[in-house]
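>>> Could you work out the structure for the sequence below:
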Amino acid sequence: MTRGLSLGFAITLSLAGLIFPFVLGRQPTGQNQSLLLVMMLGIMGAFIHGAGFEPKQKWLRALLSPAITWPVMLLAGATLMAIR
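Residues are numbered from 1 along each chain as shown. Take a look at the predicted model:
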């Protein structure tokens, strides 16, 4: 169930960034770009988890878990929306 949620969440945020780029920030500033990078790293982790890939290394498995990727995506996205 978490794999489907991760994949759906990652697809939704990716499409939102692709279709509505100005929703994430009116002016491209350094702060916006940094937060967008952090959000994209969270999206990447959610795509990896949602696709079903399980790394052999424990640290990488923990880094790509929903416990890390979901809050990263949510916090970066919420901060982007707040500073726009």
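>>> longest helix anywhere in the chain?
Longest helix of the chain, by residue count under DSSP state H: helix 30-51.
>>> With adjacent residues omitted, what lies nearest to residue 65?
In space, and not counting its chain neighbours, residue 65 is closest to residue 49: 6.7 Å by Cβ to Cβ, 6 or more residues apart in numbering. Glycine gets a C-beta too; all of them are placed from N, C-alpha and C.
>>> Based on its surroundings, how many neighbours for that neighbour?
Neighbours of residue 49 under the rule other Cβ atoms under 10 Å: 24.
>>> for residue 38, same thing?
16.
>>> Let's see stretch 35-50 as PDB, backbone CA atoms only.
C-alpha atoms of stretch 35-50 as PDB (Å, rounded to 0.1, in the frame of the first residue of the first chain):
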ATOM      1  CA  LEU A  35      13.900  24.000  -2.100                       C
ATOM      2  CA  LEU A  36      13.000  22.700  -5.500                       C
ATOM      3  CA  LEU A  37      16.100  20.500  -5.500                       C
ATOM      4  CA  VAL A  38      15.200  19.200  -2.100                       C
ATOM      5  CA  MET A  39      11.700  18.400  -3.200                       C
ATOM      6  CA  MET A  40      13.000  16.700  -6.300                       C
ATOM      7  CA  LEU A  41      15.300  14.500  -4.200                       C
ATOM      8  CA  GLY A  42      12.200  13.500  -2.200                       C
ATOM      9  CA  ILE A  43      10.300  12.800  -5.400                       C
ATOM     10  CA  MET A  44      13.200  10.700  -6.700                       C
ATOM     11  CA  GLY A  45      13.200   8.600  -3.500                       C
ATOM     12  CA  ALA A  46       9.400   8.100  -3.700                       C
ATOM     13  CA  PHE A  47       9.700   7.000  -7.300                       C
ATOM     14  CA  ILE A  48      12.400   4.500  -6.400                       C
ATOM     15  CA  HIS A  49      10.300   3.200  -3.500                       C
ATOM     16  CA  GLY A  50       7.100   3.200  -5.500                       C
END
